[in-house]
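1. the following block contains a protein sequence and its predicted model.
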Amino acid sequence: SQTIHQWPATLVQPVGSPLSLECTVEGTSNPNLYWYRQAAGRGLQLLFYSVGIGQISSEVPQNLSASRPQDRQFILSSKKLLLSDSGFYLCAWSLLAGELFFGEGSRLTVL
Amino acid sequence: LAKTTQPISMDSYEGQEVNITCSHNNIATNDYITWYQQFPSQGPRFIIQGYKTKVTNEVASLFIPADRKSSTLSLPRVSLSDTAVYYCLVGYSGAGSYQLTFGKGTKLSVIP
């Protein structure tokens, strides 16, 4: 069966510090991968999606970036965090037809 | 991209049937309609998916009219544990269309 893991689960970072969130999928090949962000009390905002190794599409211009160095690995990064980057970050994968499978989420607080 | 519109919130008493409607007037031919449930501090969880007519599984039913411009998620006999945010997602992850964008969701509160 397919599983998705993301880490760390929680982190507190100072403004201006770097960020790296990692997500891995097991049990499937060539999945479409997604990063979403959810601000407190808000809906899900699509940040990036990837349809293959090295292929990244950005939905929202910001100081975040994403990379897919391996088929089932998706990384969200920032060189310098802003206060507005705080939120709940969710990685997800899909094969077809809009059925998304989400990881456990990573809660980021920027101080 | 098909934009979705849902009620912001709904209240229901335990044991009642709840129907949440989603409008998606510009749905594309390849798009599927998928509903998710999200509890606080968790990722959304798949509930049900359909393309047209009616789909039923062990937790919900999904009604889609012939024009597919709306859909209704039906939750039978809700309990307190069904208190959550419900999202309608319209899209298709494939063939050049991968932007699976969520709407604002409907916050369902189940009252004892």
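-> That came in fine, so what should we check first? Quick caveat: nothing in here was measured; it's all calculated off a predicted structure.
2. from now on I want contacts and neighbour counts done on CA atoms only, so please keep to that.
-> Fine.
3. in the sheet, who's paired with the residue nearest to the spatial centre of chain A?
-> A centroid search over chain A (C-alpha atoms, centre = their mean) returns A:W35, at 3.3 Å, as the residue closest to the centre. In this entry, A:W35 is beta-bridged to A:F48, A:C91, by DSSP bridges.
4. and the gap between it and A:I56?
-> For A:W35, the distance to A:I56 (C-alpha to C-alpha, to the nearest Å) stands at 11 Å.
5. who touches both of the two?
-> A:48-49 (C-alpha atoms under 8 Å, 6 or more residues apart in numbering or on different chains).
6. count the neighbours of the residue in chain B that chain A sits nearest to for me.
-> Going by C-alpha to the nearest C-alpha, chain A is nearest to B:Y92 of chain B, at 4.4 Å. For B:Y92, the neighbour count with other C-alpha atoms under 10 Å in any protein chain shown is 25.
7. pLDDT score for it?
-> Note on B:Y92: pLDDT of 73.
8. gap between it and B:R45?
-> Using C-alpha to C-alpha, B:Y92 is found at 17 Å from B:R45.
9. correct me, but B:I64 touches B:T72?
-> Yes. With contact defined as C-alpha atoms under 8 Å, B:I64 reaches B:T72; the gap is 6.7 Å.
10. contacting residues around residue 19?
-> In the absence of a named chain, this looks at chain A. By C-alpha under 8 Å, 6+ apart, the neighbours of A:L19 are A:76-81.
11. sorry, should have said chain B
-> For B:N19, the contact set (C-alpha under 8 Å, 6+ apart) comprises B:72-75.
12. show me where pLDDT drops low in the chain?
-> All of this refers to chain A. Within chain A, the stretches with pLDDT under 70 are A:61, A:96-98.
13. hmm, no, I was thinking of chain B.
-> B:1-2, B:93-97.
14. all strands of it, in order?
-> Under the criterion DSSP state E, chain B contains strands at B:9-13, B:18-23, B:32-38, B:45-50, B:53-56, B:61-64, B:70-75, B:84-91, B:106-111.
15. and chain A, is the last one touching that?
-> No. With C-alpha under 8 Å from any C-alpha of the partner chain as the criterion, chain A is not reached by strand B:106-111; the gap is at least 9.9 Å.
16. got the residues of chain A near chain B?
-> A:32, A:42-46, A:49, A:88, A:90, A:94-105.
17. coming back round to it: okay, the residue nearest to the centre of chain A and chain B: tell me how far apart.
-> Distance of A:W35 to chain B, computed by C-alpha to the nearest C-alpha, to the nearest Å: 11 Å.
18. who's in contact with that residue?
-> If a contact means C-alpha under 8 Å, 6+ apart, then A:W35 has A:46-49, A:76, A:89-92 as its contacts.
19. neighbour-wise, which of the residues you listed leads?
-> A:C91 (31 neighbours).
20. got a list of what it touches?
-> With C-alpha under 8 Å, 6+ apart, A:C91 has these contacts: A:6, A:23, A:33-36, A:102-103, A:105.
21. let's see that with 7 Å instead.
-> Contact analysis of A:C91 by C-alpha atoms under 7 Å, 6 or more residues apart in numbering or on different chains lists A:6, A:23, A:34-36, A:102-103, A:105.
22. counting neighbours, which of the residues you listed comes out on top?
-> A:Y34 (28 neighbours).
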